[in-house]
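[1] what's the 3D shape of this:
(3 chains, ligands or ions: 2)
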Amino acid sequence: MVKLFKLLSPPPKWRFPVMIVLGAFVGLAIHVLYLSKALSYLSDEPKTCVNCHVMAPQYATYQHSSHREVATCNDCHVPHNNVVNKYLFKAKDGLRHASIFALRMEPEVIFILDEGSEVVHNNCIRCHSQTLTDPKLATQVPQHTQNTQDRACWECHREVPHGRVNSLSSVPNARVPVPSSPIPDWMKEYLNETDTK
Amino acid sequence: ANSIMERRAESVFAYIPQVNYNQWEPRNEVWGENFPREFETYYNTKDTSFRSKYNGNAMIDMLEVDPRLVVLWAGYSFSKEYNQARGHYYAVKDVRNILRTGGPVDENDGPMPATCWTCKGPDVPRLMNEIGVAEFYKGKWAGKGHEVVNPIGCGDCHDSETMNLKITRPALVEAFQRQGKDIEEATHQEMRSLVCAQCHVEYYFDKKRVEGANYLTLPWDNGTTAEAMEEYYDNINFSDWTHQLSRTPMLKAQHPGYEIYSMGIHADRGVACADCHMPYKSEGGQKFTDHHIQSPLNNVANSCQVCHREETEKLIKNVYTRQDQIIENRDKLEELLVRAHVEAKKAWDLGATEDEMKPVLMDIRHGQWRWDYAAASHGGSFHAPTEIGRVISTGIVQAQEARLSLARIFAKYDFNKEVAYPDITTKAKAQKYIGLDMDKLNKEKADFKKNLIPKWEKKAEERESTYQVKK
Amino acid sequence: ANSIMERRAESVFAYIPQVNYNQWEPRNEVWGENFPREFETYYNTKDTSFRSKYNGNAMIDMLEVDPRLVVLWAGYSFSKEYNQARGHYYAVKDVRNILRTGGPVDENDGPMPATCWTCKGPDVPRLMNEIGVAEFYKGKWAGKGHEVVNPIGCGDCHDSETMNLKITRPALVEAFQRQGKDIEEATHQEMRSLVCAQCHVEYYFDKKRVEGANYLTLPWDNGTTAEAMEEYYDNINFSDWTHQLSRTPMLKAQHPGYEIYSMGIHADRGVACADCHMPYKSEGGQKFTDHHIQSPLNNVANSCQVCHREETEKLIKNVYTRQDQIIENRDKLEELLVRAHVEAKKAWDLGATEDEMKPVLMDIRHGQWRWDYAAASHGGSFHAPTEIGRVISTGIVQAQEARLSLARIFAKYDFNKEVAYPDITTKAKAQKYIGLDMDKLNKEKADFKKNLIPKWEKKAEERESTYQVKK
Ligand SMILES: [Ca+2]
Ligand SMILES: [Ca+2]
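    Ligands and ions are numbered 1, 2, ... in the order given. Below you'll find the model as predicted:
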C-alpha cells in the first residue's frame, strides 16, 4: 500500500506544480458541484431535480398529478430496498445526467432507461401492494403476485404521473421553480436591516 | 413515505381453502366457493340488459335485423337461426335452443356432430380426458348432450392447482404446432388472449384426419389473414356447403375474433383481450379480475379509461364511428352477394355450363368468405378497423367481378334484363323465399326440448352427484 | 462547469428585433434575420434526400410510378405531368417547371389562370392587398409570373407584428363563413392546423362569382366528406373537364389534406398538423418550432415519440401498414376505373345513346372522384385510414356498377367480348395511348423557361429593391 502510494507520488521536484494542479482540480470540482447544486441532488426534494431545466416537463406534470402530495421524485425513481443501493443508484444516475446535460446531448424526447424503469415499477408496487395483492388469493394462487405485477404499471395507467406527452417543450410556460424566493430582494434587505436592529 | 414502508409489513395469515377439487371439476359453483369475487362477477354474464349500437349482452336475432343473411346462407343451417351472442353463462342453453342443432330424437339423430360441444363448457376437457380427443369428436351432437351441461367456466381457462391460465382445447395447441410455434412459450400477457383464442377463432371440421370424427381444426397453416385462410381452404378443396341458389361451394367463417384482433393496433401495443373484456376491478381495496366478460362499452371506466383519458361518450363514439365506417360497406357487400347468388341461379336456369360458371362461383366463394370473415367477428370492426376495411374492399371487387362475368353469360344466352332483387325485407319473407319450412323446424325443436333435454339433465345430475369435493 | 453556467442563463433570453418590416414583406430571408432558427430550419425544406415507402421529400414522378393515372386524367393537364410534392422551398420553382402550366409566350397566353399562384407564396397576400382579391384571380397565370417569386414562407402564416399565426388566404375564411362558422374564434391549437388548411385543401375555380375571375372556392358548404363535396359539385353541375375517352364530366380532387385529417383519430384527440410536421425542437436550451416541414417519418423522435413511447421502427411500420392496407385497394380501384373509361369509349363507338350512357358516366364520375379524394392527399392513408378505406370501398362499388351497366349496353349492341386492357405499362406508353405530343409540350416549356422566366425575375428584383427594411 505504501509502496503503491510511493509509486504514484511524483518525484520531489514535481511536487509543487502537481500540488497546484491538483488544488486547481479540487477547486474546480467544488465549483462545479456548487454550480450544479450537486449536493441538493442528495436530497429528496423534487425541486432539486429541476436544477436542470430539462427536468421541467416531468416536474410540471408531476406537480399536477395525484401523486404530488404523496410521493417525491425519489420515491419513484430511486431504489428503496436498502440505503446503499439508494445512494449508489443516485450517484450513478446523477453523474450520467450531469455529463449528458453538460455535453448538450439530451434528446428532445427523453426516454426512461430499462434500469430506471425497473426501479420505478418496484416503487409503484412498494406503495400499492395493499391494492395489488389479495392475501386470500396470495395463499391459494402461487403465481398471484407475479401475475399482477409482471407488466409495467404504466402500460395501463398511462397518465401516471407524467401524462403522455413527453418532450422538453411539452410544458413551455410551466412555473417550474427556478430556485428563488418569493420575497423580493429589496424587502429581504429591508427585513435584514430591521432584524439586526 | 416511511409510514407506507411500515404498512408493507404484510400479514401473511394462514389460509385454508374451503373446498378441494381437481382439474376435471366442471361446476363453476364449486370453484366459486374458493374465489367468491371472480365467481360472482362471472355470474353477471347472466345479465342481458345492455345493448350497444351493434352489440351488447342482449340476444339479437340477426336474421331479423338483416334478412339478407338468410339468402347468403341458403342451404345451410345458419339460414334457420343465427343470433348475436350473449354471455358465457348461456353457452349450453343457447346451443340447445338454436334451430341449427335441430330436434334430434335420440343420441344418433340430428344434423350436428358432437364437435359442436367443444366450445361450450368445462365438461369438454373433462370428457376429452376420459374418452380421448378423437373419440370426443365422433358421433352426433345429441350423443354427448348429457355430458356437456355446465356453461363455459373456470375449468376452461384455469389450472385447478395454481389457478394459472391454461389451454384446455387441443385445436389451438395443434394449430400452433403446425405453424412451428410452441404455445408453451407464450408469455403471461399472451395467455390473457390465448385463453380466448381457444374458442373465438375460425374453425372447420376435418373429416379426413380420424375415421368417423369431425376433427376440430383451425385453418391457420398459411397464416390468419382472410387471404391466407382462403388459400388454405382452396388448397384442400374444402367447402362447408353448396349454395342452394348459385350452387357455389361455400365457406362459412366463424367468429375469427382472435385472428382479427391480432392485426389491430391494440394487439400491436400488447393489449390483451382480458384488458378490455376482463379489466381489473377493485372492491374493498383489493384489485381482482372482473369475470363479467361482456362488451367493454358497458364498462368504459375500468376498461378503456384506464388507458385513455377521454370522456366515456367520446370513447363510445370512437367505437361507433369505426363500426359505422365498416358496416356501411359490409351491408353493401351483402346486397351485392345476394344479387350474385340470384343472378347465378338465373344463369344456371338459362342453361349456362359448368365451365362457364366455374370462375363466377370462385368469385362468389371468395367474395362471401371475405364478407363473412369481416361480419362473423362481431368485435372486428373495432378490433382491427383498417384491416377489416381492406378485406371488405377486396370482397366487393370479387362479388362485382362475379356479376360482370354473369352479365357476359347473360348476353351469350340472350338475356338482357336486370335480374330482380328478391323481396326479402323480413326474416320470414327471406326464409320463405329460400323455401324453409319454419313451422316444422320449430316443432321438432320443441319436441326435442320436451323429450330429450330432461333426460340429459337427469343423467348429468346423477353423474355429478358422484364427484368428490372435500370441504 | 462553464457550460452548466451558460446553460442556466440560456433560458432567459431577450428578443431584440434586428430588422423592421411590415406584413407585406414577401422575402423569407428578411424575416429570417430576426428569427434565425426558424429561418434556418425552414430553409431545410430545400433538402430532397429522404424517401419513405410512398412519400418523402424527393420529387417523385407519379405518372411514371403509376401510368394508370395518365388514362384516368386523359384530356386534362394532369396527364402531362404530376409529381409527389416536395418541400415548400420549391413551390414557385415547381409551378413554373410543371408541364401543366404549359409554355406561355406572353402574359396573356397559356392554359392556366392566375389563381394557380394562390398557394405558392407570400407575394400572394401582398398582391391581393395591392390590387384586390377578385382582381388577383383574373387573367392568365403568366400575367402574374413576375409578381409571385418568393416561395411559401413567413408571410403566409404569420403576423409581422406579433408573429401570431394568421390566415392570409380569403378562400378559407369564406368557406368558414358559408358554413356559418367564424374562423376568428379558432383556438390557438386549431390555428396550428388552419394555417395549413389555407392550401392543403380541395378547391375549385368558381367562374360565375366574379366576371372574368377564376375565383378560388372550397366546396365545403355541405360538409367535407367525399359524399358531401360530391353532392356540392353535382348540385352546381360542376365539372373540371370532360374525359377524353369516356366523355364523362369529371371532377378532379386536389389534396384534401385538412379535410381528411379532420376525420382521423389524431384530429379527434386535438393533435394538430404542426405537432407532427413542425414539432418543437431545442437547440441550446432554446425551444422553437422546427420549420423543416416534411414527412414526420424523417423525424420520428421529435414528432411521434413525444406522444408514443414505441421504437422508431415500430412507429414507421404502423404507418406503412396503414398505407399498404389502403393502397392495395386504391390501386385496384384505379385499374377498374381505367377499364370503365376504356369500356365506355367502346360503348360510344358501338353507338350507345346519351340516355343509355348517362347513368354509366355518373357512376364513373363518382367512382373516380372518390378514388381521387383518397389518392390526392398523400398523407390521407395515415391521417384517417378508416375513413379512406371506407371511401375507397364505395368507389369500387361505383366503378363496378358502371362496368355492369356497360356490360348490359354491350349485350344490347351485340358486343360480347371483354374489352382489352390497354398496354400502359410505362408513362410513355400511356401518354402515347391517349395521344399526347410530349415533344411539343417539352419544347414549349423549354422556350418559356428561356424567354419568360428571366424577364419575370428581373422585374421582381427591381420591385423588391424598392422595399423598405429598417436595420
Ligand atoms: Ca353480444
Ligand atoms: Ca413529398
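[2] Give me the neighbour count for the residue in chain A positioned nearest to ligand 1.
    Sorted by distance to ligand 1 under CB to the ion, the residues of chain A start with A:C156, at 24.7 Å. The way it works is simple: take the backbone N, C-alpha and C, and place the C-beta from them, glycine included. Other residues within reach of A:C156, judged by other CB atoms under 10 Å in any protein chain shown, total 14.
[3] And for B:G132?
    Neighbours of B:G132 using other CB under 10 Å come to 11.
[4] Now do the same for it: its pLDDT.
    pLDDT for B:G132: 97.
[5] And the one 10 residues further on, by the same measure?
    Each residue has a pLDDT score; the one for B:A142 is 98.
[6] And what about it, helix, strand or coil?
    helix (DSSP: H, G, I helix; E, B strand; the rest coil).
[7] on that earlier part again, do I have it right that the residue of chain A closest to ligand 1 meets B:V306?
    Yes - applying CB atoms under 8 Å, one finds A:C156 in contact with B:V306, separated by 4.8 Å.
[8] Distance check, the spatially most central residue of chain A against B:G395.
    Closest to where the C-alpha atoms of chain A average out (CA atoms, centre = their mean) is A:C49, at 5.3 Å. Going from A:C49 to B:G395 by CB to CB, to the nearest Å gives 56 Å.
[9] before we move on, what about B:A175?
    Separation of B:A175 from B:G395 (CB to CB) stands at 24 Å.
[10] go on, B:D275?
    For B:D275 relative to B:G395 (CB to CB), the value is 30 Å.
[11] more crowded one of the two?
    B:G395 (30 against 23).
[12] which residues touch the nearest residue to the more buried one once chain neighbours are set aside?
    Leaving aside its sequence neighbours, B:G395 sits nearest to B:R370 (CB to CB, 6 or more residues apart in numbering or on different chains; 3.5 Å). Residues near B:R370 by CB atoms under 8 Å, 6 or more residues apart in numbering or on different chains: B:226, B:230, B:391-392, B:394-395, B:398.
[13] try 7 Å this time
    Residues counted as contacts of B:R370 (CB atoms under 7 Å, 6 or more residues apart in numbering or on different chains) are B:226, B:391-392, B:394-395.
[14] Let me know the next secondary structure element after the helix or strand B:A374 falls within.
    Using DSSP states H and E, B:A374 falls within helix B:354-376. Per DSSP H and E, the first helix or strand lying C-terminal to helix B:354-376 is helix B:380-383.
[15] Could you tell me how far that next one lies from the centre of the chain?
    14 Å (CA atoms, centre = their mean, to the nearest Å).
[16] Can you give me the neighbour number for the residue of chain A found nearest chain C?
    Scanning chain A for the residue nearest chain C gives A:S169, at 3.5 Å (criterion: CB to the nearest CB). Neighbour count for A:S169, taken as other CB under 10 Å: 19.
[17] Wait, it touches C:F288, no?
    No - using CB atoms under 7 Å, A:S169 makes no contact with C:F288, being 8.6 Å away.
[18] which bits of chain A sit near ligand 1?
    Within chain A, no position lies close to ligand 1 (CB under 5 Å from the ion).
[19] Mind jotting down where the helices sit in chain A?
    Along chain A, counting by DSSP state H, helices occupy A:2-8, A:15-35, A:46-49, A:56-63, A:73-77, A:83-102, A:114-132, A:135-140, A:144-149, A:185-196.
[20] Pull the last one out as CSV, backbone CA atoms only.
    Backbone C-alpha positions of helix A:185-196 (Å, rounded to 0.1, in the frame of the first residue of the first chain) are rendered in CSV as follows:
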residue,chain,number,x,y,z
ASP,A,185,-34.5,41.4,-2.7
TRP,A,186,-35.3,44.9,-1.6
MET,A,187,-37.7,43.5,1.0
LYS,A,188,-35.2,41.0,2.2
GLU,A,189,-32.6,43.7,2.6
TYR,A,190,-35.1,45.8,4.5
LEU,A,191,-36.1,42.9,6.7
ASN,A,192,-32.5,42.0,7.3
GLU,A,193,-31.8,45.6,8.3
THR,A,194,-34.8,45.8,10.7
ASP,A,195,-33.7,42.4,12.0
THR,A,196,-30.2,43.5,13.1
